[in-house]
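S.K.: here is my input; please provide its structure:
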Amino acid sequence: PVDVFVPGCPPHADVIYHVLSELVQGRIPEIKDEKLHWD
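M.R.: Got it, this is the predicted structure:
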């Protein structure tokens with residue numbers, strides 16, 4: 001199972017893509033800096 005919190009309501013498409021890309025490559029995604037914001 002995968003347990004990752006993606007912030008936002010809804011999260012920005014670029015953040016979703018980043019998280020899924022990291023998971024596919026076997027890495028734990030880090031959401032920080034410009035990807036971590038609330039609109």
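S.K.: tell me the centre residue of this protein?
M.R.: For the chain, the residue nearest the mean C-alpha position is residue 19 (3.6 Å; C-alpha atoms, centre = their mean).
S.K.: host element of that one?
M.R.: Assigned by DSSP states H and E, residue 19 falls within helix 13-24.
S.K.: neighbouring contacts of that helix?
M.R.: Residues outside helix 13-24 that contact it (C-beta atoms under 8 Å, 6 or more residues apart in numbering) are 2, 4, 6-8, 28-31, 35. All C-beta spots, glycine's among them, are computed from the backbone N, C-alpha and C.
S.K.: and that helix, what's buried?
M.R.: 15, 18-19 (16 or more other C-beta atoms under 10 Å).
S.K.: adding pLDDT, write those out as a markdown table.
M.R.: As requested, these are exported to a markdown table (pLDDT from 0 to 100):
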| residue | pLDDT |
| --- | --- |
| 15 | 88 |
| 18 | 91 |
| 19 | 91 |
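S.K.: the residue lying closest to residue 19 once chain neighbours are set aside: neighbour count?
M.R.: Ranked by C-beta to C-beta, 6 or more residues apart in numbering and with sequence neighbours excluded, the top spatial neighbour of residue 19 is residue 29, at 4.4 Å. Residue 29 has 17 neighbouring residues, counting by other C-beta atoms under 10 Å.
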